[in-house]
Structures are given as C-alpha cells and as structure tokens.
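**Student:** here's a sequence, model it:
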Amino acid sequence: MTIQPLLDALAIQENAAQALAGDLRTQIEDLQDRLREAETYLEHLAITRKTVTALADRLPAGAPETPEHPDYPRILAAFNETSGPLRARDVCEALDHELLAKNIEKTRAKLKRLAKLDVLTEVAPGSFTRKQ
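**Tutor:** The predicted model follows:
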C-alpha cells in the first residue's frame, strides 16, 4: 500500500487550512483597525462631553420660555422700552388695550404668570420689572 494518496489528501487539507487561517488573520487585522477607530472616536466623544460640560456654566442662559399667546412678546417689549417698573395699567396702555377693568385684570394675571416663570419680578404689589 502506498501512502502517497494519503499524503496528497493531507497536503490539500493543509493548504485549505492555511488559506482559511490567512483569511481569518486578514479579517482580524481589519477588525482590529475598526476597533482602534471606534475607540479613538469614543475618546473624542468623551473629550467633547468634558469640554461641553466645562463650558456649560459659562454660556449665557437662553431666553426663558413664555406662554404661547400674542400678548406675551408684546408685554416683554414694553418692559424692554422702559427702565422702571410697570403696572398692569401701564402695560395695557403700551399694548393699546382699552383701559377696562377686565383688560387690566387679564394683563395683571399675565404679569403674575411671567413673574412665576422668573421672567419678571414683582418689586412691589402690582409693580413689575424685567428680571435682571
């Protein structure tokens, strides 16, 4: 019995195993490169988060949110045009509302709401200024 066919079969299997090992090594190298890129990206994200967090306290606060009603921006504009406190009656005049009790009370309620939202400050009962 000759062992040559057996050795040839082993050589074929050995070549196939070497080719498979080579392919796997190439895949591992590619995966290692991708892993390095992902880790670098994670490091950059961590640095960015740290920088943004450190700078967050230095950023000016955004404009406070006001309720959605057309009078609110106009009320704030009236406060921007004056340096002293305003009363509900003064704001009604600035908004060109009739000086009726119901209009003044509605305006006073809006001023109170803005004070509750920390947009305005009630410096005295019924007297409001823009929050500094």
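
**Student:** name the SS class of residue 58, please.
**Tutor:** Following DSSP: H, G, I helix; E, B strand; the rest coil, residue 58 is assigned to coil.

**Student:** where exactly do the helices run in the protein?
**Tutor:** 4-56, 71-80, 88-94, 101-116 (DSSP state H).

**Student:** quick one, what contacts residue 120?
**Tutor:** The contact partners of residue 120, by Cβ atoms under 8 Å, 6 or more residues apart in numbering, come to 79, 111, 114, 128-131. Just so you know, the C-beta spots here come from the backbone N, C-alpha and C atoms, and that holds for glycine as well.

**Student:** how many neighbouring residues does the closest residue to residue 94 other than its chain neighbours have?
**Tutor:** The shortest distance from residue 94 to any non-neighbouring residue, by Cβ to Cβ, 6 or more residues apart in numbering, is to residue 78 (3.8 Å). Neighbour count for residue 78, taken as other Cβ atoms under 10 Å: 18.

**Student:** got any ranges where this protein has weak pLDDT?
**Tutor:** 1, 60-64 (pLDDT under 70).

**Student:** re the thing from before, deepest-packed of the helices of the chain, please.
**Tutor:** The highest mean neighbour count among the helices of the chain, using mean count of other Cβ atoms under 10 Å, belongs to helix 88-94: a mean of 19.

**Student:** which residues does that helix contact?
**Tutor:** 74-75, 78, 81, 86, 98-99, 103-105, 107-108, 111, 126.

**Student:** save these as a markdown table, and put in distance to residue 55 too.
**Tutor:** Formatted as a markdown table, those follow (distance: Cβ to Cβ, whole Å):
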| residue | distance to residue 55 |
| --- | --- |
| 74 | 34 |
| 75 | 33 |
| 78 | 34 |
| 81 | 33 |
| 86 | 36 |
| 98 | 49 |
| 99 | 48 |
| 103 | 45 |
| 104 | 45 |
| 105 | 44 |
| 107 | 39 |
| 108 | 40 |
| 111 | 35 |
| 126 | 40 |
